[in-house]
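Q: pasting the sequence and the predicted coordinates here, then a few questions.
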Amino acid sequence: MSPRTITDPGTAPRHTGPAITAECLRKRYGETQAVDGVSLEVERGEFYGILGPNGAGKTTTMELLEGLRRPDEGHARLLGTASWPRDPALLRRIGVQLQASAFFERLTAREQIRTFAALYGISEARADEMLETVGLTEKAGTREDKLSGGQAQRLSLACALVHDPELVFLDEPTTGLDPQARRNLWDLLRSSNAAGRTVVLTTHSMDEAETLCDRVAVMDHGRVLRVGPPRAMAEEAGVDSLEDLFLQLTGREYRE
Ligand SMILES: Nc1ncnc2c1ncn2[C@@H]1O[C@H](COP(=O)(O)OP(=O)(O)OP(=O)(O)O)[C@@H](O)[C@H]1O
């Protein structure tokens, strides 16, 4: 074994291949085949969306990619490293946006992000900078349960980015937000991607997928039906929108 440290990302081997590869992932919960043979590849620097209706298997797919769940079958690699079994050196290089409900109870916004930062050995100054980046400096002293939905989502994004990960996963980051808060979050996600980071998000919003994503995987019943740039994919299929594409692929109307 090489003596290379496993915790210092600065010494991690640089990997130039795809950010993510997944081969034939499957996961079953009792009678439900939540993920049914998902294969995909995400390029470095890409903004990639996993789109599908409720129950399509988006969250489970993400959890398998992230290494938060063990697949029944198949493999995923992130930045060249197998995501299962979990590898602490890899976890240091990825960010996972947690739901607002996963905050530490009763802490203020500043205390939340400083606590996340401390887990990664990141300075308080950098934590405060992230709070500024997501526009929450004025709310630094506010307790998590007193933040609005949009503020809580921005705080959870800041917590996922505080250690400057190369790859970030977001599970339905704008669900429940009003249009303005949603746009603000879109801007943050775009600039995070423009800074060179690979971004993967799940969404049930066609609009969001079309606006943000370089490529989208359309999922239904645990399977990826089609992958491509949203507009080009619809054009190739001879339809006007992702909504019509979904109808063509499944024979069902898409309900957000
Ligand atoms: N822990 C679990 N135990 C049992 N069944 C589960 C579990 N998690 C998900 N499922 C089921 O697996 C299927 C896929 O769920 P998943 O959450 O991955 O879909 P999704 O596309 O993210 O849906 P949503 O948009 O509603 O979050 C659903 O039928 C769901 O009910």
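A: Thanks, I have it. Model, not experiment: these values are computed from the prediction.
Q: can you list the neighbours in contact with stretch 66-86?
A: 13, 15, 17, 19-28, 35, 37-39, 60, 63-65, 87, 89-91, 93-94, 96, 166-167, 169 (C-beta atoms under 8 Å, 6 or more residues apart in numbering). Yep, even glycine has a C-beta here, placed from its N, CA and C like the rest.
Q: so who does the residue in the stretch 151-256 of the chain positioned nearest to the ligand touch?
A: As assessed by C-beta to the nearest ligand atom, the ligand sits closest to residue 204 within the stretch 151-256 of the chain, at 5.2 Å. Residues in contact with residue 204 (C-beta under 8 Å, 6+ apart) are 51, 52, 53, 54, 56, 58, 172, 175, 256.
Q: again, only this time at 10 Å
A: Residue 204 makes contact with 50-56, 58, 172, 175, 254-256, according to C-beta atoms under 10 Å, 6 or more residues apart in numbering.
Q: same question for residue 27.
A: By C-beta under 10 Å, 6+ apart, the contact set of residue 27 is 33-36, 38, 57, 60-61, 63-64, 69-74, 222.
Q: pLDDT wise, what is the residue of the stretch 151-256 of the chain closest to the ligand at?
A: Residue 204 carries a pLDDT value of 92.
Q: helices of the stretch 1-150 of the chain, start to end?
A: 58-66, 88-91, 109-119, 124-133, 149-161 (DSSP state H, counting those that start in this stretch).
Q: indicate which one of those is closest to residue 246.
A: Residue 246 lies closest, by C-beta to C-beta, to one member of the helices of the stretch 1-150 of the chain: helix 58-66, at 13.8 Å.
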